[in-house]
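Enquirer: Got a predicted structure here, sequence first:
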Amino acid sequence: MFTATTSTHKLLKLKNRLRGVAGGTSAGKTVSILQILIDYAQTHNSELISVVSESFPHLRRGAMRDFLNIMQTHHYFKDELWSKTDYTYTFETGSKIEFFSADQPGKVRGPRREVLYINEANNIPYEAYDQLAIRTRKIIWLDWNPTNEFWWYSEVAPHYEHDFITLTYKDNEGLDQSIIEDIEAHRHNKNWWRVYGLGLLGEVEGKIYTNWKIIDDIPHEARLERRGLDFGYSNDPTAIVDVYYYNGGYILDEQLYRKGMSNKDLADYVKNLDKPSTVVVADSAEPKSIDELKLYGLAVLPAQKGPGSLTQGIQYVQDQQISVTKRSVNLIKEYRNYLWMTDKEGRIINVPEGGNDHTLDALRYALETFRPMPTVKAYKPTTMLRAKYGQA
């Protein structure tokens, strides 16, 4: 059930046209802003509200899904008022909430609106924000995780009257205790905790993967080489990532990120993917699951593990030219937030921060099959041994 939280009450107090909302993980920013926008649409006649984020897949799996869940949970939703072609909901007041992405130039430079909400604003370029803002008459909402400074801090806040607020997970009473415990388990990582725990501006240091390119789609000439699989069930999602070879590098495409899947469900899912005979490389920690998937007809190999294999695998991935499709929402999120751990003094140590690395583990398993294994030199007996045993 979506109810008003401390986050919602704090946001309702903001009154300026421009409203910036920074916050840590699970602070309830998106849900609270959407609840406010729904109430606005229900109480204002014939106004247009635009909800925007970096890409349509990100929007569909994030703010749009939250919007539909809120509407259905509160029994507001009427199917005939929701347009599945232009992703617009028209309320009985005549007001509309529309959803589109910042990578659609025609939409960014489209008609004027009364209210704008940019979700995870730090992931869109300033030029897109500027075009959207000048076409907004009344209210602009922006939210983000303050991982580093971006155009809000340099181009917007210093020059325009605005409201600004910081929210944390403690402002969201709707969180399960397990999520709270998972967040607080990261207190030891000073850089992570400052941004995602406390919601404070920081420069997230120790990012493991860098310089990946986000692309629209997979080129026709790309060749599907492997599927990486990380097992999950109740607490963690099962993740599948396709790995394509193209033009000297690899393209990653997220295929699955879902909890509660049995091995039979998983096998059926893979069989319905494009090129189901593609070799799947899975976490070798679950040999029983691998054997079961083989019985269901999948070509599954266990990932090679051993001393140092994690850091060596990470290094191999980082050494490659990597692109990722923009529909790979969970993979992109994990990529942006995958950090080396730090000690009590904030010094980076050579151990990755675990917990939100399911797709990253899957792709690493897949790429492991291409990593050259170290060669073992043939044993040659010493001169003394050859003399003793008469070896030539």
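Expert: Yep, it's here.
Enquirer: got any ranges where this protein has weak pLDDT?
Expert: 1-2, 203-204, 373-392 (pLDDT under 70).
Enquirer: run the last query once more with 80
Expert: Across the chain, the ranges flagged by pLDDT under 80 are 1-3, 191, 202-206, 305-307, 342-348, 354-355, 372-392.
Enquirer: how about Ile36, what does it touch?
Expert: Contacts for Ile36 (CB atoms under 8 Å, 6 or more residues apart in numbering) come out as 8, 11-12. C-beta: built from backbone N, CA, C; applies to glycine.
Enquirer: Please read the previous query as pertaining to Ala239.
Expert: Each residue near Ala239 by CB under 8 Å, 6+ apart is listed here: 228-230, 232, 254, 256-257, 330, 358-359, 361-362.
Enquirer: That one falls within a strand, correct?
Expert: Yes: counting by DSSP: H, G, I helix; E, B strand; the rest coil, Ala239 is part of a strand.
Enquirer: Among the contacts of Ala239, name the ones in helices.
Expert: Of the positions in these, 330, 358-359, 361-362 sit in helices, assigned by DSSP state H.
Enquirer: Of these, which is the most crowded?
Expert: Ala362 (33 neighbours; other CB atoms under 10 Å).
Enquirer: Give me the nearest residue to that one, chain neighbours excluded.
Expert: Gly228 (3.6 Å; CB to CB, 6 or more residues apart in numbering).
Enquirer: if I look at that neighbour, how far off is Gln255?
Expert: 9 Å (CB to CB, to the nearest Å).
Enquirer: Have a look at the two and say which one is more surrounded.
Expert: Gly228 (27 against 20).
Enquirer: How about the contacts made by the more buried one?
Expert: Applying CB under 8 Å, 6+ apart, we find Gly228 in contact with 239-243, 280-282, 361-367.
Enquirer: Three-state assignment for Leu142, please.
Expert: Three-state call for Leu142 (three-state DSSP): strand.
Enquirer: Please look at it and Gly23 and confirm they touch.
Expert: No: Leu142 is not in contact with Gly23 according to CB atoms under 8 Å; the separation is 11.4 Å.
Enquirer: before we move on, the earlier item: okay, and the common contacts of Gly228 and Gln255?
Expert: Common contacts of Gly228 and Gln255 (CB under 8 Å, 6+ apart): 240-242.
Enquirer: Can you tell me which of these has the most neighbours?
Expert: That'd be Val241 among the shared contacts of Gly228 and Gln255, by other CB under 10 Å, with 29 neighbours.
Enquirer: Which residues are in contact with Lys326?
Expert: With contact set as CB under 8 Å, 6+ apart, Lys326 has these partners: 54-55, 57-58, 103, 214-216, 332.
Enquirer: Roughly how far does Leu14 sit from Lys96?
Expert: Plainly put, Leu14 is 23 Å away from Lys96 if you go by CB to CB.
Enquirer: Oops, could you answer that again for Arg223 instead?
Expert: Going from Arg223 to Lys96 by CB to CB gives 44 Å.
Enquirer: show me where the stretch 51-200 of the chain has helices.
Expert: Here the stretch 51-200 of the chain has its helices, by DSSP state H, counting those that start in this stretch, at 56-61, 63-73, 105-108, 126-133, 151, 177-184, 190-192.
Enquirer: Mind checking those for the one nearest to Lys305?
Expert: Of all these, it is helix 177-184 that lies closest to Lys305, at 24.5 Å by CB to CB.
Enquirer: I'd like the distance from the closest one to the chain centre, please.
Expert: Distance of helix 177-184 from its chain centroid, counting by CA atoms, centre = their mean, to the nearest Å, is 19 Å.
Enquirer: Buried ones in it, by neighbour count?
Expert: Across helix 177-184, burial judged by 16 or more other CB atoms under 10 Å covers 182-183.
Enquirer: can you list contacts of it?
Expert: Helix 177-184 has contacts (CB under 8 Å, 6+ apart) with 24-26, 169, 196-197, 235, 355.
Enquirer: any idea which residue sits dead centre in the chain?
Expert: Lys333 (2.1 Å; CA atoms, centre = their mean).
Enquirer: Would you check how far apart the closest residue to Asp236 other than its chain neighbours and His75 are?
Expert: The spatial neighbour of Asp236 that comes closest, neighbours along the chain excluded (CB to CB, 6+ apart), is His358 at 6.0 Å. To His75, His358 is 34 Å away according to CB to CB.
Enquirer: Nearest to Lys138 among the ones in helices among the contacts of Ala239?
Expert: The closest of the ones in helices among the contacts of Ala239, once distances to Lys138 are taken by CB to CB, is Asn330, at 33.9 Å.
Enquirer: Does that closest one touch Asp253 like I think?
Expert: No: the criterion here is CB under 8 Å, and Asn330 misses it with Asp253 at 11.9 Å.
Enquirer: burial measure for Tyr129, as a count.
Expert: Around Tyr129 there are 23 residues (other CB under 10 Å).
Enquirer: That one contacts Ala121, doesn't it?
Expert: Yes: taking CB under 8 Å as the definition, Tyr129 is a contact partner of Ala121 at 6.7 Å.
Enquirer: Overlap of the contact sets of these two?
Expert: Taking CB under 8 Å, 6+ apart as the criterion, Tyr129 and Ala121 both touch Leu142.
Enquirer: Check which residues of the lengthiest helix in the chain are buried.
Expert: The helix that spans the most residues within the chain, counting by DSSP H, is helix 29-43. Neighbour counts over helix 29-43 (16+ other CB under 10 Å) mark 29-38, 40-41 as buried.
Enquirer: Return the member of those residues nearest to Thr90.
Expert: Top of the list for closeness to Thr90, among the buried residues of helix 29-43 and by CB to CB, is Ala41 at 9.0 Å.
Enquirer: need the contact list for the closest residue to the closest one other than its chain neighbours.
Expert: Leaving aside its sequence neighbours, Ala41 sits nearest to Ser95 (CB to CB, 6+ apart; 4.1 Å). Going by CB under 8 Å, 6+ apart, Ser95 touches 40-42, 44-49.
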